[in-house]
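Peer 1: Task: produce atomic coordinates for the following.
(one chain, ligands or ions: 3)
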Amino acid sequence: MARGWLEEAGLEVEVDEAGNLFGHVQVPGTGTRRIWTGSHLDTVPQGGKFDGALGVVAAIEAVERAGRGTVAIFRDEERGCAGGRALVSRGALPDAFLEVHIEQGPRLADAGAPLGVVSGVVGVSRGTIVIEGHAGHAGTTPMDARDDALVKAAEVVLRIRETASAIDGAVATVGELAVEPGAVNVIPSRVTFSIDARAPDSERCQQLIDALGFEPTYRTSPAQMAPELRGVLRAEIEARGLPVVELASGAGHDAAVLAAAGVPSAMLFVRSLNGGVSHSPDELSSEEDVALAVDVLAATLARL
Ligand code: GLV
Ligand code: MN
Ligand code: MN
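Peer 2: Ligands and ions are numbered 1, 2, ... in the order given. As a prediction, the model looks like this:
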C-alpha cells in the first residue's frame, strides 16, 4: 500500500535488505545533499493511527510538493527500530533526516502550540528479568511454606517504580509478564518479565540501569537533534505566526537511531489531542495541525 502511495506521488521506489522502503524524487532538485524524511508504519497492539504513519504521509506529501528529498519508511520501529538499526549497520546513511511525529503527550496542547521542535530523544534500555520460585499446590501449601515467584516478582516491579522515580527524568516500565506454569491452582514457579528503562542523557541511563540491576539486551543512546535543522524548523514555525516550543521526546524514534550514528537529524512534533494519549486508539491530531506540519516540512526541505 505504501509503495502505491510513493508511486502515485511520482517517486522512484527502492526497498533495502532490511525491508525499509524509500521514495526518491526522480529528477533531483538543485541541492546535492541527500535529505531524507519519514517515519514508520508498524504500530503497537491496540495502537492509534498517528504514531509513525503521520510522519510517513507527511513526508510523501512534502517531498512531492518540494520536488526534492527522499521519503524513508522504516521497518519494525516499535519493537526496537530494527529497520533503522540495520540501515546504520550497513552505513547507507543520508546527509540529514527529518521526522514528523505526533507528540504522544500533552505539552503542546498545554502550551497552545500546534507544532513543536524536538531538542533530544531519551536513551532506551530493555531487558528481561527472571524470578524463580517453587511450584506447589494452591490448596495444600500453607502460606508460610511458599516460594511464590509471582509474589516475589510483584515486589520487584514495585521496586522498579521507586527506583525510576528517584532519578530525575527517568522512567521504567514492566509491560510483559509470563507466569509459569500458569495454572489457576498452582503456585507460580517462574516469572519472566520485560523491563523498559529510559532517561534523557547517558549518565542517567547508566545510573538507572545500575540501580535497577539488569543487563540490557537492547539499548539506544540518548540523542541530541541537530542545531542547524532545529533552527530551520523554528524559523518556519515562527514565519507562520505560531508559538515556538522546544521539547524533549520520551518516546524512541528512528531519528534518534540515525542521530546517534552521526546523521544530523531533527523532529517536528504535531500537537496530540485527547490529553496526549498515545499507543491507544484514542491517539489524535487535528487536520489543521497536520496541514501546518506538512507546510513546515515542505518549506524546510526546500531550504536544505
Ligand atoms: C516507541 O513508541 C517507543 O518509544 O517505545
Ligand atoms: Mn513512533
Ligand atoms: Mn510508538
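Peer 1: contacting residues around the residue in the stretch 51-200 of the chain positioned nearest to ligand 1?
Peer 2: Nearest residue of the stretch 51-200 of the chain to ligand 1: E78, at 5.5 Å (C-beta to the nearest ligand atom). Bear in mind the C-beta positions are built from the backbone N, C-alpha and C, glycine included. Applying C-beta atoms under 8 Å, 6 or more residues apart in numbering to E78 gives the contacts 40, 42-44, 47, 52.
Peer 1: Could you point out which of the residues you listed is nearest to ligand 2?
Peer 2: Ligand 2 lies nearest to G52 out of those, by C-beta to the ion, at 4.3 Å.
Peer 1: Excluding chain neighbours, what is closest to P222?
Peer 2: G123 (3.7 Å; C-beta to C-beta, 6 or more residues apart in numbering).
Peer 1: What residues of the helix or strand where L229 lies count as buried?
Peer 2: For L229, the element it lies in under DSSP states H and E is helix 227-239. For helix 227-239, burial by neighbour count (16 or more other C-beta atoms under 10 Å) applies to 229-230, 232-234, 236-237.
Peer 1: can you check stretch 262-272 too?
Peer 2: Buried residues in stretch 262-272, counted by 16+ other C-beta under 10 Å: 263-272.
Peer 1: Report the secondary structure state of the residue in the chain sticking out farthest from the centre.
Peer 2: The centre of the chain is farthest from one residue, T140, which by C-alpha atoms, centre = their mean lies 47.5 Å away. At T140 the chain is in coil, as set by DSSP: H, G, I helix; E, B strand; the rest coil.
Peer 1: Would you mind naming the helix or strand containing the residue of the stretch 51-200 of the chain closest to ligand 1?
Peer 2: Short version, using DSSP H and E: E78 is in no helix or strand.
Peer 1: Next, the distance between the ends of stretch 273-287.
Peer 2: In stretch 273-287, first residue to last residue: 11 Å (C-alpha to C-alpha, to the nearest Å).
Peer 1: what does it contact?
Peer 2: Residues outside stretch 273-287 that contact it (C-beta under 8 Å, 6+ apart): 44, 46-51, 54, 102-107, 109, 114, 251, 270-272.
Peer 1: What about ligand 1: which of the residues you listed touch it?
Peer 2: Checking the contacts of stretch 273-287 against ligand 1 by C-beta under 6 Å from any ligand atom, the ones in range are A251.
Peer 1: which of the contacts of stretch 273-287 are buried?
Peer 2: For the contacts of stretch 273-287, a burial check counting by 16+ other C-beta under 10 Å picks out 47-48, 50-51, 54, 102-105, 107, 109, 114, 251, 270-272.
Peer 1: which one of these sits closest to ligand 2?
Peer 2: Distance to ligand 2, by C-beta to the ion, is smallest for D51 among the buried ones among the contacts of stretch 273-287, at 4.3 Å.
Peer 1: Phi, psi for that closest one please.
Peer 2: The phi/psi pair for D51 (degrees, to the nearest 10) reads phi -60, psi 110.
Peer 1: give me the beta-bridge partners of the residue nearest to P222?
Peer 2: A199 (DSSP bridges).
Peer 1: Which pLDDT value goes with it?
Peer 2: In this model, G123 is scored at 96, pLDDT.
Peer 1: In this structure it contacts S221, no?
Peer 2: Yes - contact criterion C-beta atoms under 8 Å: G123 and S221 qualify, at 5.3 Å.
Peer 1: which residues are in contact with both of the two?
Peer 2: Residues touching both G123 and S221 by C-beta under 8 Å, 6+ apart: 202, 205.
Peer 1: Pull up the residues of the protein that are close to ligand 2.
Peer 2: Residues of the chain lying near ligand 2 by C-beta under 5 Å from the ion: 51-52.
Peer 1: Spell out which parts of the chain neighbour ligand 1.
Peer 2: Counting by C-beta under 6 Å from any ligand atom, the chain comes close to ligand 1 at 78, 251-252.
Peer 1: quick one: the helices in the stretch 151-300 of the chain?
Peer 2: Counting by DSSP state H, counting those that start in this stretch, the stretch 151-300 of the chain has helices at residues 202-212, 227-239, 254-260, 287-303.
Peer 1: ok so, going back, could you measure the residue farthest from the centre of the chain against ligand 2, distance?
Peer 2: Applying C-beta to the ion, to the nearest Å, the value for T140 to ligand 2 is 49 Å.
Peer 1: what's the closest non-adjacent residue to G19?
Peer 2: Nearest-residue entry for G19: R75, 4.1 Å, with adjacent residues in sequence omitted and distances by C-beta to C-beta, 6+ apart.
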